[in-house]
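In: One predicted model, sequence on top.
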Amino acid sequence: MPKSTPVQITEILDGGKTDQVVSIKGWIYRTRSSGNIVFTVIRDGTNIIQATVKRGNLKDDEFEDAKKALIESSVIVTGVVVEDKRAPGGYELRVESFHVIQFAEVFPITEDQSPEFLMDKRHLWIRSQKLNAVFKVRSTVVGAIHTFFRDNGYIEFDAPVLQPNQCEGGSTLFEVKYYDTKTFLSQSWQLYAEAAVFSLGKVYNMGPTFRAERSKTSRHLSEFWMAEMEAAWMELDELTQVAKDEIRFIIQQVLEKNPRELTVLGQDSEKLKKMANTPFPTITYDEAISLLNEKAGMNIQWGKDLRTLEENTLMQYFETPVVVTNYPLEIMAFYKPPDPLNPKTALCFDMIAPEGYGEIIGGSQRGLDIDYMKKRLQETGEKIENYQWYFDLRRYGSVPHSGYGVGVERVVAWICRLDTIKDAIAFPRTMNRYSP
RNA sequence: GCCGUCCUAGCUCAGCUGGUGGAGCACUCGGCUGUUAACCGAGCGGUCGCCGGUUCGAAUCCGGCGGACGGCGCCA
């Protein structure tokens, strides 16, 4: 084997290895042969490059191997990097050694694919350029969330995944056998975060969340990652500002770290950049209803939640995410308190993403009135006993506090312009799918 | 929970008012020294989702069941 240094394909395409002999370790992505020349496109996880294999430039048996190796065979290929306009990407590797580590069996995924088939072969499909790009963006998003909160004085705080309580409504809980009794998978970290703020002040967390909603839409997962924050002494105005700052920071980080991935995914970086530099507006639920009824000619009655249709119609008037505050109190969860200035509404907000990606954040100030919360819980058939510990938080030095949760996959789907949220997570769990 | 679409080769699909199951891709073999998910020729490949019914005869018509996908509601 000729002398060479192992490199990543991305280094070659950046122009740093031109005319040098290098080795790449990767997998065959495409292959075409033409008698005494084989064009093999190789991927290594960082990018793809064409390797040109000519008979005579390497051992004959290696040439035959290059000719017969199927897609996804693992290889170590050595050769000279040459700038060549005929090669996709502008650079190719002129091969001097072609070493097959494993000859792959026939790869089941070919050019014709249906969503169902790709979901069945998800463990193989995650190798695709598209999902590879999504995962890189997702990694940036997750990293940005940690950085944002840590840089702003928040402490990462973990809550149990097995929980005795509901947070967002009993009908959407996953029940789990727990020794001789039962418990539930976490719907939210919030109730525990509310306990934590009395110790730490400002906390955040990111982790899996489980909701057994019978939803079969491109915006729902049964298992998704939620990034939540909770802060003592914080009220609604400041809370919405933190949310806007967080989302803007996430976009800036993706723009900085993933320009190639955004291109692969067909997202317009300029549009995102403009969005990151434009203030996100805040409107009230009342204003949203007026806008829909007066400008969009709809007939929405006060008191109804904004549904998908209303949200999408509303977003036609905005190019950035929008914060909507003060939803009707009655349709909100037990822990959202009435607004003293407008008691029929709650001190809560949603952030709605543009282009039909829907709610990406939901949050609120937290109720401090034990009697009110008990009443609301009883209305939904909840057992008050399970919440005594939660009410204790209002008995020992209660303070105003607030928090919100970001749907990580919804943010990733929006930034990556995905058709479905399922592609924002490696192995999606939905109503009808829990394998592979 | 409600509504809609779909299920035929490994994959994507065609298959008319019922009459011996097809194409493209993939794969195998042969050809080709610059291909861009190459091209040319040949070959391999089927429990037509499952069960039942009608019929001389069902991929096709009827009934039931199962599975998948999407929309609504609900949510992040």
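Out: Structure received.
In: Within the helices and strands, which one has the spatially closest residue to A:Tyr192 that is not a sequence neighbour?
Out: Excluding its sequence neighbours, the residue lying closest to A:Tyr192 (Cβ to Cβ, 6 or more residues apart in numbering) is A:Ala159, at 3.6 Å. The way it works is simple: take the backbone N, C-alpha and C, and place the C-beta from them, glycine included. Taking DSSP states H and E as the definition, one finds A:Ala159 inside no helix or strand.
In: A:Ala159: neighbour count?
Out: Per other Cβ atoms under 10 Å, the neighbour tally for A:Ala159 reads 18.
In: Can you give me the pLDDT of it?
Out: A:Ala159 is assigned 92 on the pLDDT scale.
In: gap between it and A:Lys336?
Out: Look at A:Ala159 and A:Lys336: by Cβ to Cβ, to the nearest Å, they are 19 Å apart.
In: follow-up on the earlier one: give the full set of residues in contact with the residue nearest to A:Tyr192.
Out: By Cβ atoms under 8 Å, 6 or more residues apart in numbering, A:Ala159 lies in contact with A:186, A:189, A:191-193, A:205, A:207.
In: Contacts only, for the residue in the stretch 301-436 of chain A positioned nearest to RNA strand B.
Out: With Cβ to the nearest atom of the strand as the measure, A:Arg307 is the residue of the stretch 301-436 of chain A nearest to RNA strand B, at 2.5 Å. Applying Cβ under 8 Å, 6+ apart, we find A:Arg307 in contact with no residue.
In: which residues in the stretch 301-436 of chain A form strands?
Out: Using DSSP state E, counting those that start in this stretch, the strands assigned to the stretch 301-436 of chain A run over residues A:322-325, A:338-339, A:342-346, A:348-353, A:358-365, A:401-407.
In: what mean pLDDT does the fourth one have?
Out: Averaging pLDDT along strand A:348-353 yields 94.
In: Which elements pack onto it?
Out: Here strand A:348-353 touches helix A:236-257, helix A:308-315, strand A:322-325, strand A:358-365, helix A:408-415, going by 3 or more Cβ pairs under 8 Å, 6 or more residues apart in numbering; DSSP states H and E.
In: send the alpha carbons of the third one over as PDB?
Out: Spelled out, it's strand A:322-325. Output of strand A:322-325 as PDB, limited to C-alpha atoms (Å, rounded to 0.1, in the frame of the first residue of the first chain):
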ATOM      1  CA  VAL A 322     -44.700  34.700  16.900                       C
ATOM      2  CA  VAL A 323     -45.500  34.600  20.600                       C
ATOM      3  CA  VAL A 324     -49.200  34.500  21.500                       C
ATOM      4  CA  THR A 325     -50.000  35.200  25.100                       C
END
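In: Can you name the helix or strand that A:Glu228 falls in?
Out: In this structure, A:Glu228 sits in strand A:223-232 according to DSSP H and E.
In: which residues in the stretch 51-200 of chain A form helices?
Out: Secondary structure of the stretch 51-200 of chain A (DSSP state H, counting those that start in this stretch): helices at A:60-68, A:115-120, A:122-125, A:129-151, A:190-200.
In: Show me what counts as buried in stretch A:314-322.
Out: With burial defined by 16 or more other Cβ atoms under 10 Å, the residues of stretch A:314-322 counted as buried are A:314-315, A:318, A:320-322.
In: For the stretch 301-436 of chain A, list the residues in contact with RNA strand B, please.
Out: Selection of the stretch 301-436 of chain A residues close to RNA strand B by Cβ under 7 Å from any atom of the strand yields A:304-305, A:307-309, A:311, A:331, A:333, A:350, A:358-362, A:405-407, A:409-410, A:420-422, A:430, A:432-433.
In: and A:Gln129, how many neighbours does it have?
Out: 14.
In: tell me the contacts of the residue lying closest to it once chain neighbours are set aside?
Out: Using Cβ to Cβ, 6+ apart and skipping the chain neighbours, the partner closest in space to A:Gln129 is A:Val264 (5.9 Å). The contact partners of A:Val264, by Cβ under 8 Å, 6+ apart, come to A:129-130, A:133.
In: circling back: could you check the helices of the stretch 51-200 of chain A and tell me which one is nearest A:Gln20?
Out: Checking these against A:Gln20 by Cβ to Cβ gives helix A:60-68 as the closest, at 20.5 Å.
In: For the residue of chain A most remote from its centre, give me its contacts.
Out: Distance from the centre of chain A peaks at A:Gly56, with 48.5 Å (Cα atoms, centre = their mean). Counting by Cβ under 8 Å, 6+ apart, A:Gly56 touches A:Asn36.
In: what do you get if the cut-off is 10 Å, keeping everything else the same?
Out: A:36, A:63 (Cβ atoms under 10 Å, 6 or more residues apart in numbering).
In: now swap in A:Tyr178 and tell me
Out: So A:Tyr178 contacts A:162, A:164, A:184 (Cβ under 10 Å, 6+ apart).
In: most surrounded residue in the residues you listed?
Out: For the contacts of A:Tyr178, neighbours tallied by other Cβ under 10 Å; top is A:Phe184, 21 neighbours.
In: Make sure it is actually in contact with A:Leu162.
Out: Yes. Contact criterion Cβ atoms under 10 Å: A:Phe184 and A:Leu162 qualify, at 7.3 Å.
In: shared neighbours, these two?
Out: Overlap of the contact sets of A:Phe184 and A:Leu162 (by Cβ under 10 Å, 6+ apart) consists of A:176, A:178.
In: Just the pLDDT for A:Gly169.
Out: Looking at A:Gly169, its pLDDT reads 57.
In: With adjacent residues omitted, what lies nearest to A:Val134?
Out: A:Cys416 (5.3 Å).
In: thinking that neighbour is in contact with A:Asp423, fair?
Out: Yes. Between A:Cys416 and A:Asp423 there is a contact under Cβ under 10 Å: 7.7 Å.
In: got any residues that touch both of these two?
Out: Between them, A:Cys416 and A:Asp423 share these contacting residues under Cβ under 10 Å, 6+ apart: A:130, A:134, A:265.
In: my guess is the last one meets A:Arg138, correct?
Out: Spelled out, it's A:Leu265. No. Counting by Cβ under 10 Å, A:Leu265 stays clear of A:Arg138, with 11.5 Å between them.
In: Thanks again, I'm all set now.
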